[in-house]
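In: sequence and computational prediction follow.
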Amino acid sequence: MAIPGQTYRPTHGAVAAGHPRTAEAAVHALNEGGNAFDAVVAAHWCACISEPVLTSLGGGGFLLARAEGQAPTLYDFFAQTPLVKKPPDEIDFYPIQADFGTTQQEFHIGYGATATPGTVHGLFRIHRDLCKLPMKVLMEPAIDLAIRGVEINPLQAFIFDVVKPICLATENTAAQFSSQRQPSRLVSTGDTLRLPKLAETLGALTDEGDRLFYEGDIAAEIEAACRDTGHLTREDLASYSTIKREPLRVNYRDARLFTNPAPASGGLLIGFALKLLEKHLSADSLDNEAEYIQRITDVMHDTNEARIEHLSANEPGHELLDEELMATYVSRVRGRARAYRGTTHISVIDAEGNVAALTTSNGEGCGHLVGSTGMMLNNMLGEEDLNPHGFQRWRENRRLTSMMSPGMLMKGDGSCIALGSGGSNRIRSAILQVISALVDSGISLESAIQRPRVHFEQNRLNIEAGFSETTVSRLREAFDQLECWPDLNLYFGGVHAVASNSVGFDAYGDPRRGGVAVRV
């Protein structure tokens, strides 16, 4: 959908993001003469204000970038494990329950859950390598929004409620995120959230650059906050670097996907799932909704197994796509009858052919604000999905693996699609289903993203509203544990995507996560 009250000529490109103010920042950069990379950097600074639970200066992420006329590149600025690990009994680390309404998910927070953040380093590196506009221009929308405030919409109010234990974990966080109308409660729909301390931090970064965060006063504040009960030190911050990687390439029928490579695991698992799906998804399955869901669920089940069996916690390898290993899992699927988390994404394509798919996360946040910065650090060391072999078993000074999978899909008809999703361990299932819909069913970007989704985990099949009664009845017979959700829900991810083809641009923002799409 377009941003209300504004009219754009679709000549500069297309933007899809998770909030109207996030998208407006991208549009601002494009209208100022910037490219897709200017737009995505400006949008992310703004997302730290408009989507404060989902992303932060204290988190990390990945950019899949294709500069016009060049091969795609992956910028990895995800969180890094600390250089030195403190004993478990010396750190601030404890569980909370995130309540999605229909289901709950456990996360661990506290300074002991914080890994070295990469977002600020990554965005400044991207700016130096790919952008055209001064950083001051790209920061302006975020600083202005932080000062004047963002109105909380129903989705953001729901997200705040999901992670309420984190937002109320300390006096400082409770004060920052409390309602001005009802100070004893968190912000809710219609409230205005102002973040003046974060505005000051962004302004200081504009003036002094990323060294302020990794070597200067902000680094000192992070070290002081973590000194007694966390792992991070100034050495962790000073040694951090953004890494450029060659993207993982996966062919799926007549399409090719470029996505996040190892050591991230999300791209590998999506590639693995696509290869399985390609080998045993028939035309008959496509025509039968219940059969299609069962095949998708088979693939999700085996992808989960392959992750545990063949990927280590921090060093997954490309061997997951080995043909012999693939054959083992394909044979498991055939002839078998089986009873059976915060992140945001921004996609931009411009008229020059530049493509930017940016996925970032703060986990759910550690529950503490750092000094005078107004910033909450991540809790990446407290996310079960990033630590599948158990907490406190991570190796020092390693890039954490991640489910985040920003990607670029090149279809056989010549169209180019930038896409990605938030949603913790639902990221890969959301992207898998959208790619399948685009390639196997050939439907539009909007229809592929709107189509109801499923997610299979821990022997439970979760299904969104929108499937036929006949399909739901058949699935109840086939699965011992079935959870029917009453509506579309952010639990199932949020795929924000843009596309370019011979006739122009297309864009669609996932309504599950406040999606906004603009052709500029």
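Out: That came in fine, so what should we check first?
In: rest of the way, CA atoms for contacts and neighbours
Out: Will do.
In: any idea how far residue 499 is from the closest residue in space to residue 404 that isn't next to it in sequence?
Out: Using C-alpha to C-alpha, 6 or more residues apart in numbering and skipping residues adjacent in sequence, the residue nearest residue 404 is residue 266, 5.7 Å away. The gap separating residue 266 from residue 499 is 22 Å, by C-alpha to C-alpha, to the nearest Å.
In: likewise for residue 150?
Out: For residue 150 relative to residue 499 (C-alpha to C-alpha), the value is 29 Å.
In: which one's more surrounded, the two?
Out: Taking neighbours as other C-alpha atoms under 10 Å, residue 150 and residue 499 compare with residue 499 leading, 27 against 19.
In: was I right about the more buried one contacting residue 347?
Out: No. With contact defined as C-alpha atoms under 8 Å, residue 499 does not reach residue 347; the gap is 9.2 Å.
In: shared neighbours of these two, anything?
Out: residue 418 (C-alpha atoms under 8 Å, 6 or more residues apart in numbering).
In: now for the lengthiest helix in the chain, which elements pack on it?
Out: Criterion DSSP state H: the longest helix present in the chain is helix 289-310. Applying 3 or more C-alpha pairs under 8 Å, 6 or more residues apart in numbering; DSSP states H and E, one finds that helix 289-310 contacts helix 266-280, helix 283-287, helix 323-333, strand 454-457, helix 469-478.
In: turn the ones you listed into a markdown table, columns for mean pLDDT, mean neighbour count and distance to residue 89.
Out: A markdown table is the format used below for the helices and strands packed on helix 289-310 (pLDDT from 0 to 100; neighbours: other C-alpha atoms under 10 Å; distance: least, C-alpha to C-alpha, whole Å):
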| stretch | mean pLDDT | mean neighbour count | distance to residue 89 |
| --- | --- | --- | --- |
| helix 266-280 | 87 | 23 | 32 |
| helix 283-287 | 73 | 13 | 52 |
| helix 323-333 | 45 | 14 | 41 |
| strand 454-457 | 91 | 20 | 31 |
| helix 469-478 | 92 | 14 | 45 |
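In: in a markdown table: those, plus distance to residue 212.
Out: Output for the helices and strands packed on helix 289-310, formatted as a markdown table (distance: least, C-alpha to C-alpha, whole Å):
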| stretch | distance to residue 212 |
| --- | --- |
| helix 266-280 | 31 |
| helix 283-287 | 53 |
| helix 323-333 | 47 |
| strand 454-457 | 42 |
| helix 469-478 | 55 |
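In: about what we covered before: what's in contact with the longest helix of the chain?
Out: Outside helix 289-310, the residues that touch it by C-alpha under 8 Å, 6+ apart are 269, 272-273, 276-277, 280-281, 285-286, 316, 320, 329, 333, 388, 429, 433, 454-457, 461, 471-472, 474-475.
In: repeat that for stretch 379-399.
Out: Outside of stretch 379-399, the residues within contact range by C-alpha under 8 Å, 6+ apart are 78-85, 88, 93, 106-115, 263, 308, 313-314, 362-366, 400-403, 424-425.
In: next, the distance between the ends of it.
Out: Span of stretch 379-399 from end to end, C-alpha to C-alpha: 14 Å.
In: and that stretch, average pLDDT?
Out: For stretch 379-399, mean pLDDT rounds to 81.
In: give me the distance from that stretch to the chain's centre.
Out: With C-alpha atoms, centre = their mean, to the nearest Å as the basis, stretch 379-399 stands 18 Å off its chain's centre.
In: kindly report the same for stretch 434-441.
Out: Worked out by C-alpha atoms, centre = their mean, stretch 434-441 lies 20 Å from the chain centre.
In: and the helix or strand hosting residue 29, what does it pack against?
Out: For residue 29, the host element (DSSP states H and E) is helix 20-31. Counting contacts by 3+ C-alpha pairs under 8 Å, 6+ apart, helix 20-31 packs against strand 13-17, helix 36-50, helix 135-148, strand 516-519.
In: quick one: the residue nearest to residue 404 and residue 407 touch, right?
Out: No. Checked against C-alpha under 8 Å, the pair residue 266 and residue 407 is beyond contact range at 10.8 Å.
In: what stretches of the stretch 301-450 of the chain score poorly on pLDDT?
Out: Across the stretch 301-450 of the chain, residues meeting the criterion (pLDDT under 70) sit at 306-341, 385-389.
In: re earlier: and the helix holding residue 29, what's buried?
Out: Using 16 or more other C-alpha atoms under 10 Å as the test for burial, helix 20-31 gives 20, 21, 22, 23, 24, 25, 26, 27, 28, 29, 30.
In: now do it, average pLDDT.
Out: Across helix 20-31, pLDDT averages out at 97.
In: that helix to helix 36-50, inter-axis angle?
Out: 150 degrees (axes from the mean of the first three to the mean of the last three C-alpha atoms, to 10 degrees).
In: change the start of the numbering to 288 and stick with it
Out: In the new numbering, first residue 288, that becomes helix 307-318.
In: just want the angle from helix 307-318 to strand 300-304.
Out: Using the same axes, to 10 degrees: helix 307-318 against strand 300-304 is 160 degrees.
In: separation between the closest residue to residue 445 other than its chain neighbours and residue 334?
Out: Excluding the flanking residues, the one nearest residue 445 by C-alpha to C-alpha, 6+ apart is residue 475, at 8.0 Å. Distance, residue 475 to residue 334, by C-alpha to C-alpha: 18 Å.
In: neighbour-wise, which of these two wins?
Out: Under the neighbour definition other C-alpha under 10 Å, residue 475 and residue 334 were set side by side, and residue 334 has more, 29 against 24.
In: which pLDDT value does the model give that one?
Out: The model reports residue 334 with a pLDDT of 98.
In: could I get the buried residue list for stretch 510-520?
Out: Here stretch 510-520 shows 510, 511, 512, 513, 516, 517, 518, 519, 520 as buried, counting by 16+ other C-alpha under 10 Å.
In: packing partners of the helix or strand hosting residue 736?
Out: In this structure, residue 736 is located in helix 732-737 according to DSSP H and E. Helix 732-737 is packed against helix 714-723, strand 791-795, with contacts defined by 3+ C-alpha pairs under 8 Å, 6+ apart.
In: surely residue 364 and residue 345 touch.
Out: No. Using C-alpha under 8 Å, residue 364 makes no contact with residue 345, being 11.4 Å away.
In: what's the overlap in contacts for these two?
Out: With C-alpha under 8 Å, 6+ apart as the test, residue 364 and residue 345 both reach 405, 406.
In: picking that back up, ok, so of the buried residues of helix 307-318, who is nearest residue 483?
Out: Nearest to residue 483, judged by C-alpha to C-alpha, of these is residue 308 at 16.9 Å.
In: how about the helices and strands packed on helix 732-737, which one is nearest residue 768?
Out: So among those, helix 714-723 is nearest, using C-alpha to C-alpha, at 18.1 Å.
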